[in-house]
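In: Test case, fold it:
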Amino acid sequence: MYVCICNALKEKDVRRAAEQGGATRPADVFRFHGCAPQCGKCACHMRAELIQAKTCGNCDCDDAAAVTASVRPIAAE
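Out: A predicted model of the protein is given here:
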């Protein structure tokens, strides 16, 4: 699924930036992929994906959505 339409970044791209590049913020994801934020509508979804990658990236969790369901949104950077 697309996370950032402006830069054509998908969930797997966000996870790759977290796993390979150590991204912890949307700015890190954009930097990893050599692009920049445009409209900013992706920030909340991207943060949720980063949290999920951090908490479920190295486990066998079958219900990754449950991990982020209880996480409160992070304020904009």
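In: List the buried residues in stretch 41-53.
Out: 42-43, 45-53 (16 or more other Cβ atoms under 10 Å). The way it works is simple: take the backbone N, C-alpha and C, and place the C-beta from them, glycine included.
In: Same question for stretch 21-29.
Out: So stretch 21-29, judged by 16+ other Cβ under 10 Å, has buried residues 23, 26, 28-29.
In: Dump those to a markdown table, plus secondary structure.
Out: As requested, the buried residues of stretch 21-29 are exported to a markdown table (DSSP: H, G, I helix; E, B strand; the rest coil):
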| residue | secondary structure |
| --- | --- |
| Ala23 | coil |
| Pro26 | helix |
| Asp28 | helix |
| Val29 | helix |
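In: So which residues of this structure form strands?
Out: Per DSSP state E, the chain carries strands over the ranges 2-4, 9-10.
In: looking at those, which is buried most?
Out: strand 2-4 (a mean of 20; mean count of other Cβ atoms under 10 Å).
In: and that strand, how far from the chain's centre?
Out: Put simply, strand 2-4 sits 9 Å off its chain's centre (Cα atoms, centre = their mean, to the nearest Å).
In: most residues in a single helix of the chain, which one?
Out: In the chain, with assignment by DSSP state H, the single longest helix is helix 43-56.
In: Show me the shaky parts of this structure.
Out: Confidence mapping of the chain against pLDDT under 70 gives the ranges 56-77.
In: Grab the CA positions of the longest helix of the chain and hand them over as PDB.
Out: Taking Å, rounded to 0.1, in the frame of the first residue of the first chain, the C-alpha atoms of helix 43-56 are listed here in PDB:
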ATOM      1  CA  ALA A  43       3.200  11.800   8.000                       C
ATOM      2  CA  CYS A  44       0.800  10.000  10.400                       C
ATOM      3  CA  HIS A  45       0.700   6.900   8.400                       C
ATOM      4  CA  MET A  46       4.500   6.900   8.000                       C
ATOM      5  CA  ARG A  47       5.000   7.300  11.700                       C
ATOM      6  CA  ALA A  48       2.700   4.400  12.400                       C
ATOM      7  CA  GLU A  49       4.700   2.300   9.900                       C
ATOM      8  CA  LEU A  50       8.000   3.300  11.600                       C
ATOM      9  CA  ILE A  51       6.600   2.400  15.000                       C
ATOM     10  CA  GLN A  52       5.400  -1.000  13.700                       C
ATOM     11  CA  ALA A  53       8.900  -1.600  12.100                       C
ATOM     12  CA  LYS A  54      10.500  -0.800  15.400                       C
ATOM     13  CA  THR A  55       8.200  -3.000  17.500                       C
ATOM     14  CA  CYS A  56       7.600  -5.900  15.100                       C
END
